[in-house]
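> here is a sequence with its predicted model. Questions after.
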Amino acid sequence: MAVREILLLGNPKLYEVCEPVQKDELESVRKVVQDLHDTMRDFRARWNAGRAIAAPQSGAMKRVVYMEIDEPVVFINPVFDELSDEMMTLWDDCMSFPELLVRVQRHRRCRIRFRDLNWEEQSWDLEDDLSELLQHEVDHLDGILAVNRAMDDRAIALRSQRALLE
């Protein structure tokens, strides 16, 4: 369909809570998903990064996440129904501020429930990198950015300084 402009840090729309998708909106969601696919592919070509993108990053204020690692997966109305007590600390990155890294804490394991593009209910148990990735993307749907979760006043750095980070 189209490569969309990714909303950047400072855009007030990134702080809005997205609306749930209704079953009768699936056709319009398919168009949003194609745009997310195209937009993420374009970002990957320019930045050599990007595993998933949330709909609000392209200005579509619906609860949709598109992920492509081994194969494309669409998460419609995702919610976590389990989060581990065990946490992990990492330097997070984001398409909405590609020059920055943010040190955050995320749950090491989680279970996410969602609907797929056929409106079928799904439930996945995730851990480590996939757990943190989906927590990051669902945060976008709730108007929360990684910079809002920065661990302290030294937890934001330029990507170019990665080698100096602990």
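Ah, there it is.
> in the helix or strand hosting L90, what counts as buried?
Element membership of L90 [criterion: DSSP states H and E] is strand 87-92. Residues of strand 87-92 classed as buried: 88, 90-92 (neighbour count, 16 or more other CB atoms under 10 Å). No exception for glycine: its C-beta is placed from N, CA and C like everyone else's.
> now those residues as TSV including distance to A157 and pLDDT?
Shown next, in TSV, are these (distance: CB to CB, whole Å; pLDDT from 0 to 100):
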residue	distance to A157	pLDDT
M88	18	98
L90	13	96
W91	8	96
D92	11	96
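> picking that back up, partner strands of the helix or strand that comes right after the strand holding L90 and their direction?
Where DSSP H and E defines the elements, the next helix or strand beyond strand 87-92 is strand 100-107. Strand 100-107 has the following sheet partners, assigned by DSSP bridges: strand 87-92 (antiparallel), strand 156-158 (antiparallel).
> for D42, find the nearest of these.
Using CB to CB as the measure, strand 87-92 is the one of the strands paired with strand 100-107 that comes nearest D42, at 21.2 Å.
> the strands in the chain, which residues?
Using DSSP state E, the strands of the chain run over 52-54, 64-68, 72-83, 87-92, 100-107, 109-115, 121-127, 156-158.
> how about the second one as PDB, C-alpha atoms only?
In other words, strand 64-68. This file holds the C-alpha atoms of strand 64-68, laid out as PDB (Å, rounded to 0.1, in the frame of the first residue of the first chain):
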ATOM      1  CA  VAL A  64      -2.500  -3.100  16.200                       C
ATOM      2  CA  VAL A  65       1.100  -4.300  16.300                       C
ATOM      3  CA  TYR A  66       2.900  -5.700  13.200                       C
ATOM      4  CA  MET A  67       6.000  -7.900  13.900                       C
ATOM      5  CA  GLU A  68       8.200  -9.600  11.400                       C
END
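> and that strand, what does it pack against?
On a contact count with 3 or more CB pairs under 8 Å, 6 or more residues apart in numbering; DSSP states H and E, strand 64-68 meets helix 26-47, strand 52-54, strand 72-83, helix 128-141.
> out of these, deepest packed?
Neighbour counts (mean count of other CB atoms under 10 Å) averaged over each of those peak at strand 52-54, with a mean of 25.
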